[in-house]
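In: Pasting a predicted model and its sequence here:
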Amino acid sequence: MNGDGARRIGFEWGLEGKEHGSYDEYGLLRWSAERLAHVFDKLRARYAAGTPSELPQVTIAPAGIEDKDTGEKSHNVVLAIHTWSDHRDFTGRKVAYTRWFFVPYHQLQDHPVSYQALYAAFDALPLTPEPPLTVAVPALDPRDVMPGSDALAAAALLASGQQVCLVGADGVPMAERLRFVDTVMALLPYGLRTRFSAATWTSSTTKHRIKLSFARYAPEGVQAVHWGQGADIPLDKHSAEYHRILRNRDVDYPDLIGWLAGQTEPLWFNDDDRPRVFELLRQSASQSPPPRPPDPAPAPAPAPAVSRQRGMVGATQQGPTVDALAQALADVAPTMDPRPALNALLKAVKDQPGRTALGEAMSRHHCFRDVLDHQDDSAHLYEQLAAAAFLPDEKLSWTSCNALLDAESTPEVVRLRLEGQPSPQRRRLKGLNRPQWWRFGWVKRHRVACAIGALVFAFTLAGGAALLYLHNDNAPNPQAFSPAPQTSLGESTSAEPYMTYTQAPSSSPETPAGLAGISWDAIAIACAVVGIAGSIGAVIYIRRPSRYEGSMTGRHRA
């Protein structure tokens, strides 16, 4: 083992792809052990996730490999890294490589690791690693994990045996998706990794058996969890109970995760092992924490010391402690990692006064954007803050809710969480608040509706007025264009040889006096009606509840 806590673990590998200019289909090109060829075919058929649009992506799968000499079957954790190669096939299309890595599970039983650590170690290797086939991988640190509501919901659903699909994470980087997979599995006994599968990208139209996946929408029969928002938890006695355990603010997540990481007995996601799984989950909330390395040196910002013992903080009052820790987080330098200060702040929030203090601190410090915006997973960190400060069943005590919604600096993920549980009073005032008018978000439809209504009304009113003006004021005088009387010479019987006759011009039947005026007035009235109707339609559209104000179902909302 290295001085930094990393241990060298052995592995086997296989490379899937095509040769340059090949007419063949994708297949295994090279491998470190002959026995992997047969296992590879099964894995590829069972955990195919479709053709990804962006690379790299990662697939995680279990594999059982039988020893030909002894006949014993060993558990393996498989990590597949999908990347682009420099080759093209005979049609000129780019060739993708899939690098498969097989890690014997028995090496991880006394040295639990994260999937992120495995990915970092394997991604640095060449396409065809040479012996000795070992890599240094650091141990899992429970203090690096701070779950949000989406991870809590996913863990409870997986524990009940359901497939879970994360939706709404199309723009989330692959590294952050892999971090989410680690967070979810850290909330379950480590032994379930012998049967766990996940993919940072899957096609919504591809049928697969992957336990935890990411897609544009959830396939039929798969439970959807919305990124950063959670999910509807079915009222199953096991999943609902564990979800309540995870949402309990008295639970110390590092202690819970550290204890679960020590439960390395191989387990299955089936009915036979489910009672054992939930028994371990119940025990995880009450077990004494295992020995852990000391906390890293605190940030230079002043902050009260936070004890690692469950439920203990350095100050005696909740409000001042949360305020001081919030100030410590706000004072973290941009070049430093804010997660230790953030985790200390979230640990101190354990009751309703603490959540109120955190919400006020978020409003006062603009959701700590000066510190968290620089992080790759800033959206997930903001979601953790919002989940800790605003519980759905305490919405009447959200004293800082309106201030955060009115502030232009509030991150979108925080705004969506607040708008997902609107109070009746705030819903009636939607669209009337001037600061909200210029904020980009779902209230953009207010601007569009008002602009369209105003334009329709203005154009139709101006058009009607122009038509009336042209008809009444600028209409030509009929007498100005009447034909002149016709004069002719005729022979007379009197002394005058000729006599002049004047003949009045013939006229067609006259049009009734008010007919033309009625036609123009009708056109103007119709224009006004259209304008008024367009304005009324815009107002109705504004008053209509948005897609974030849907009614809550009878199930428990994460």
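Out: Received it, and whenever you're ready, just let me know what you need. Residues are numbered from 1 along each chain as shown.
In: can we go C-alpha only for contacts and neighbour counts from here?
Out: Fine.
In: Can you tell me the strand partners of the longest strand along the chain and which way each runs?
Out: The strand that spans the most residues within the chain, counting by DSSP state E, is strand 73-88. The pairing partners recorded for strand 73-88 under DSSP bridges are strand 57-66 (antiparallel), strand 94-104 (antiparallel).
In: Tell me the gap between the shortest one and the middle of its chain.
Out: In other words, strand 57-66. Strand 57-66 sits 27 Å away from the centroid of its parent chain (Cα atoms, centre = their mean, to the nearest Å).
In: Stretch 179-188 too?
Out: 17 Å.
In: Residues contacting it, please?
Out: Outside stretch 179-188, the residues that touch it by Cα atoms under 8 Å, 6 or more residues apart in numbering are 114-116, 142, 145-147, 151-152, 154-155, 159, 193, 198, 212, 256-257, 260-261, 281.
In: Keep only those of those residues that are in strands.
Out: Those of these lying in strands (DSSP E): 198, 212.
In: looking at the strands paired with strand 73-88, which has the lowest confidence?
Out: Mean pLDDT values for the strands paired with strand 73-88 show the minimum at strand 57-66, a mean of 90.
In: residues of that strand that come out buried?
Out: 57-65 (16 or more other Cα atoms under 10 Å).
In: before we move on, the earlier item: now a ChimeraX select for only the buried ones of the contacts of stretch 179-188.
Out: Listed next is the ChimeraX selection for buried residues among those, using 16+ other Cα under 10 Å:
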select :114,115,116,142,145,146,147,151,152,154,155,159,193,198,212,256,257,260,261,281
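In: which ones among the contacts of stretch 179-188 are found in helices?
Out: Taking DSSP state H, the ones among these that sit in helices are 115-116, 151-152, 154-155, 159, 256-257, 260-261, 281.
In: farthest-separated two in those residues?
Out: Using Cα to Cα, the ones in helices among the contacts of stretch 179-188 span at most 23.4 Å, a distance reached by 116 and 281.
In: thinking residue 403 is in contact with residue 364, fair?
Out: No. Applying Cα atoms under 8 Å as the test, residue 403 and residue 364 come out as separate, 9.4 Å apart.
In: Confirm that residue 207 sits in a helix.
Out: No. Checked against DSSP: H, G, I helix; E, B strand; the rest coil, residue 207 lies outside a helix; its state is coil.
In: and the closest residue in space to residue 205 that isn't next to it in sequence, what pLDDT?
Out: Spatial nearest neighbour of residue 205, chain neighbours left out: residue 219 (6.9 Å); criterion: Cα to Cα, 6 or more residues apart in numbering. Here the pLDDT value assigned to residue 219 is 89.
In: Quickly list the domain ranges of this protein.
Out: Domain ranges of the chain: 1-139, 142-293, 318-426, 430-474+517-547, per automatic domain parsing.
In: Pick out the shakiest of those, pLDDT-wise.
Out: Looking at these, the bottom one is domain 430-474+517-547 with a mean of 61.
In: got a list of what the closest residue to residue 55 other than its chain neighbours touches?
Out: Once flanking residues are discounted, residue 55 sits nearest to residue 83: 5.5 Å by Cα to Cα, 6+ apart. Counting by Cα under 8 Å, 6+ apart, residue 83 touches 55-57, 96-98.
In: Which member of those residues is positioned nearest residue 15?
Out: With Cα to Cα as the yardstick, the closest approach to residue 15 among these comes from residue 98, at 6.0 Å.
In: my guess is that closest one meets residue 80, correct?
Out: Yes. The criterion here is Cα under 8 Å, and residue 98 meets it with residue 80 at 6.2 Å.
In: For residue 329, pull up the helix or strand it's in.
Out: Secondary structure from DSSP states H and E places residue 329 in helix 318-330.
In: for the helix or strand just after that helix, packing partners?
Out: Where DSSP H and E defines the elements, the next helix or strand beyond helix 318-330 is helix 339-348. With contacts taken as 3 or more Cα pairs under 8 Å, 6 or more residues apart in numbering; DSSP states H and E, helix 339-348 sits against helix 318-330.
In: distance between the helix it packs on and the chain's centre?
Out: That offset, for helix 318-330, works out to 28 Å (Cα atoms, centre = their mean).
In: I'd guess residue 15 is in a strand, am I close?
Out: Yes. Applying three-state DSSP, one finds residue 15 inside a strand.
In: Tell me how many other residues surround the residue nearest to it when sequence neighbours are not counted.
Out: Spatially, and ignoring its direct neighbours in sequence, residue 15 is nearest to residue 99 (4.8 Å; Cα to Cα, 6+ apart). By other Cα atoms under 10 Å, 23 other residues sit near residue 99.
In: Spit out the contact partners of residue 99.
Out: Contacts of residue 99 (Cα under 8 Å, 6+ apart): 13-16, 80-82, 127.
In: one more time with 10 Å, if that's ok
Out: Contact analysis of residue 99 by Cα atoms under 10 Å, 6 or more residues apart in numbering lists 13-17, 28, 30-31, 58, 79-83, 122-123, 127-128.
In: what comes up buried for stretch 14-32?
Out: Quick answer for stretch 14-32 (16+ other Cα under 10 Å): 14-19, 27-28, 30-32.
In: If you could redo that for stretch 135-151, that was the one I meant.
Out: 135-143, 145-151.
In: Now flag whichever of those is closest to residue 336.
Out: So of these, ranked by how close each gets to residue 336 (Cα to Cα), first place is residue 143, at 16.6 Å.
In: Quick check, that closest one in contact with residue 347.
Out: No. Counting by Cα atoms under 10 Å, residue 143 stays clear of residue 347, with 11.3 Å between them.
In: what sits in contact with each of the two?
Out: By Cα under 10 Å, 6+ apart, the residues touching both residue 143 and residue 347 are 253-254.
In: Tell me where the stretch 251-400 of the chain has strands.
Out: Counting by DSSP state E, counting those that start in this stretch, the stretch 251-400 of the chain has no strands at all.
In: right, and residue 357 touches residue 349 too?
Out: Yes. Using Cα under 10 Å, residue 357 is in contact with residue 349, at 8.6 Å.
In: what's the neighbour count on residue 272?
Out: Residue 272: 10 neighbours (other Cα under 10 Å).
In: Would you confirm that residue 341 contacts residue 328?
Out: Yes. Judged on Cα under 10 Å, residue 341 makes contact with residue 328 at a distance of 6.8 Å.
In: quick one on the thing from earlier: the residue nearest to residue 15 and residue 56: what is the separation?
Out: When distances are taken as Cα to Cα, to the nearest Å, residue 99 and residue 56 turn out to be 11 Å apart.
In: same deal with residue 158?
Out: 25 Å.
In: Residue 384 now?
Out: For residue 384, the distance to residue 56 - Cα to Cα - is 27 Å.
In: Give me the more crowded residue out of these two.
Out: Comparing residue 384 with residue 56 by neighbour count (other Cα under 10 Å), the higher total belongs to residue 384, at 22 against 18.
In: Spatially nearest residue to that one, not counting backbone neighbours?
Out: residue 148 is the one closest to residue 384 (Cα to Cα, 6+ apart), at 5.0 Å.
In: Redo the buried residues of strand 57-66 as a markdown table? Include distance to residue 92.
Out: Converted to a markdown table, those look like this (distance: Cα to Cα, whole Å):
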| residue | distance to residue 92 |
| --- | --- |
| 57 | 22 |
| 58 | 25 |
| 59 | 26 |
| 60 | 30 |
| 61 | 31 |
| 62 | 34 |
| 63 | 34 |
| 64 | 37 |
| 65 | 37 |
